[in-house]
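Novice: Below are the sequence and a predicted model; questions follow.
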Amino acid sequence: MRYDLANCQRVLTAVVIVGRVFAVSFCLERIFIRFPLRKFAFPLFPANLIMSKILIIEPFYGGSHKKLIDTITSNMHPNDYTLITMTAKKWHWRARSSSLYISLQIPDVKDYKILFCSSVLSLAELIGMCPGLSRLKKIVYFHENQIVYPKQSIKDRDYQYGFNQITTCLTADLVVFNSTYNMNSFLDNIDKFIKIMPDYKVKNVADLIKPKSSVLYFPINFSIINGVKMKGRKATNVNDVVHIVWPHRWEYDKNPELFFHTLYRLKDENVNFKVSVLGEAFTEIPDIFLEAHEALKNHIHHFGFVQSTENFYSILIDSDIVVSTADHEFFGVSMLEAVKCGCFPLAPNSLVYPEIYPKECLFKSNDELFAKLKSWCSSPNKLKDLRQRFDIGIDQFDTKVLLPKYLSLLS
């Protein structure tokens, strides 16, 4: 009997010791997760023992879509989320069919509480294939909307893109837009968009989406720009030859034709300037870029995508004016990055731009765009005075201000 009692005591002692070790390990693990030290800490538990809570899906993992996901996840513990992505190619096919591929990548859904995705994903289709996801809190982020995409005619429009975004919103619990313009242009045009259908035209669909819609500006990491600016010239300086920069995607909806034809007019009138054409090119490059590369060869400072973030910001810091000629823009990350680098913005008096920029930064016609560029290139001191007085409260778009709101949304 004594022998059995002694064995029981030893077993109980061992159990207590093991329990205390695991309790201490668990506490330390949670400390590493909570505080910045977690970035340098090695998890004390295997990753598969700490259940993920957030499922993040991005079918078009590139450009601003990638920047947003990377900004959010860089401030989360790796064990707190699972990220499923597809490459940033063939946008139209991602919008049409990504839900099928992604449905086959979904892990055991019981581990998750929140699903976060962009509006490129057809969320309704995904939930149909993975019904277990329906119990999650589903948050959709709109970088852009397809209901007001600029097409020459109704016949040219692929109706399915906009329709998928409507059904995605109806499926979601929260719909977050990157600007008020993005939200209003989407909600205000839903009924008009649905009227394109030949029959069974459902009314008042927007009323189902409005209550769960909100605006949260895109967070931009200005600390990197500040570091690069320390190496460059002061933002209030202006080059003797005014440097114009166009840092946008090389695609139809950014209206590169207007930009380049305006520069052709400056060249024809012997206005002195130099230009940098940045931004990312995809499979199909509009012919105007090849034409402009030759026609403006004596004015070009840089022409093409800049892979290095530091080099990209260095060119922006060396520039004086950043121009947008977009027909389709809902926020404009590169424009705000250029403004932070010291450029004076010039953009259409439409789309999202009046929401962000004062009237002196906006043009109402092609002729006004040309006139402003000609005036500033001919008299750099005018531009210098404008830049010194210019202030849009740029820090409201800083990651330091906006990131806590995103993390709160995902908590």
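Specialist: Structure's in. What do you need? Everything quoted here is computed from the prediction, not taken from an experiment.
Novice: use CA for all of it now, contacts and neighbours both
Specialist: Will do.
Novice: My read is that Phe397 contacts Ser223, right?
Specialist: No - counting by CA atoms under 8 Å, Ser223 is not a contact partner of Phe397; they are 11.9 Å apart.
Novice: Compare these two (neighbour count), which wins?
Specialist: For the pair Phe397 and Ser223, the greater number of neighbours falls to Phe397 (20 against 12), based on other CA atoms under 10 Å.
Novice: Now that one. Nearest residue, chain neighbours left out?
Specialist: Pro219 (5.6 Å; CA to CA, 6 or more residues apart in numbering).
Novice: For the stretch 101-250 of the chain, which segments count as strands?
Specialist: Here the stretch 101-250 of the chain has its strands, by DSSP state E, counting those that start in this stretch, at 114-118, 137-142, 174-177, 213-215, 243-246.
Novice: Any chance of a markdown table for those, columns mean neighbour count?
Specialist: A markdown table is the format used below for the strands of the stretch 101-250 of the chain (neighbours: other CA atoms under 10 Å):
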| stretch | mean neighbour count |
| --- | --- |
| strand 114-118 | 23 |
| strand 137-142 | 22 |
| strand 174-177 | 23 |
| strand 213-215 | 17 |
| strand 243-246 | 26 |
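Novice: any chance of those in TSV, plus distance to Leu410?
Specialist: Formatted as TSV, the entries for the strands of the stretch 101-250 of the chain read as follows, by distance: least, CA to CA, whole Å:
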stretch	distance to Leu410
strand 114-118	7
strand 137-142	9
strand 174-177	11
strand 213-215	14
strand 243-246	34
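Novice: Arrange these in JSON lines, one row each, with mean pLDDT and distance to Leu258 as further columns.
Specialist: Converted to JSON lines, the strands of the stretch 101-250 of the chain look like this (pLDDT from 0 to 100; distance: least, CA to CA, whole Å):
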{"stretch": "strand 114-118", "mean pLDDT": "98", "distance to Leu258": "30"}
{"stretch": "strand 137-142", "mean pLDDT": "98", "distance to Leu258": "27"}
{"stretch": "strand 174-177", "mean pLDDT": "98", "distance to Leu258": "28"}
{"stretch": "strand 213-215", "mean pLDDT": "98", "distance to Leu258": "30"}
{"stretch": "strand 243-246", "mean pLDDT": "98", "distance to Leu258": "12"}
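Novice: And these: which comes nearest His328?
Specialist: With CA to CA as the criterion, His328 lies closest to strand 137-142 of those, at 13.6 Å.
Novice: Using the three-state scheme, assign the spatially most central residue of the chain.
Specialist: Central residue of the chain (CA atoms, centre = their mean): Ser64, 3.1 Å from the mean position. Under DSSP: H, G, I helix; E, B strand; the rest coil, Ser64 falls in the helix class.
Novice: Please identify the nearest residue in space to it, excluding sequence neighbours.
Specialist: Val333 (7.3 Å).
Novice: Pretty sure Ala338 sits against Ser314.
Specialist: No - assessed by CA under 8 Å, Ala338 is found out of contact with Ser314, at 10.0 Å.
Novice: what about those two, which has more around it?
Specialist: Ala338 (27 against 18).
Novice: Helix, strand, or coil at the closest residue to that one other than its chain neighbours?
Specialist: Counting by CA to CA, 6+ apart, Leu316 is the residue found nearest to Ala338 once chain neighbours are left out, at 5.5 Å. Following three-state DSSP, the label given to Leu316 is helix.
Novice: ok, Leu316 - contacts?
Specialist: 245, 338, 341-343 (CA atoms under 8 Å, 6 or more residues apart in numbering).
Novice: Output the residues you listed as CSV; include the columns distance to Met76 and secondary structure.
Specialist: Putting the contacts of Leu316 into CSV (distance: CA to CA, whole Å; DSSP: H, G, I helix; E, B strand; the rest coil) gives the following:
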residue, distance to Met76, secondary structure
Val245, 35, strand
Ala338, 28, helix
Cys341, 28, coil
Gly342, 31, coil
Cys343, 33, coil
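Novice: Would you format the residues you listed as a markdown table with distance to Ser118 included?
Specialist: Shown next, in a markdown table, are those (distance: CA to CA, whole Å):
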| residue | distance to Ser118 |
| --- | --- |
| Val245 | 29 |
| Ala338 | 25 |
| Cys341 | 28 |
| Gly342 | 31 |
| Cys343 | 30 |
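Novice: of those residues, closest to Glu269?
Specialist: Val245 (19.6 Å).
Novice: Can you name the residues that contact the closest one?
Specialist: So Val245 contacts 275-278, 316, 319-323 (CA under 8 Å, 6+ apart).
Novice: Could you list the low-confidence segments of the stretch 201-350 of the chain?
Specialist: 231-237 (pLDDT under 70).
Novice: per-residue pLDDT, Gly63?
Specialist: pLDDT, the model's per-residue confidence, is 88 for Gly63.
Novice: What residue, apart from its backbone neighbours, is nearest it spatially?
Specialist: Ala88 (7.9 Å).
Novice: hmm, back to that, what is the neighbour count of the residue nearest to Ser64?
Specialist: 19.
Novice: Could you double-check that it lies in contact with Gly63?
Specialist: No - with contacts counted by CA under 8 Å, Val333 stays clear of Gly63, the gap being 9.6 Å.
Novice: circling back to that earlier point, closest to Asp385 out of the strands of the stretch 101-250 of the chain?
Specialist: That would be strand 243-246 among the strands of the stretch 101-250 of the chain, by CA to CA, at 15.9 Å.
Novice: can I get the CA coordinates of the closest one in PDB?
Specialist: Below are the C-alpha coordinates for strand 243-246, written out as PDB (Å, rounded to 0.1, in the frame of the first residue of the first chain):
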ATOM      1  CA  HIS A 243      10.300  67.900 -63.400                       C
ATOM      2  CA  ILE A 244       6.900  66.300 -64.100                       C
ATOM      3  CA  VAL A 245       6.100  62.800 -62.900                       C
ATOM      4  CA  TRP A 246       3.300  60.400 -63.800                       C
END
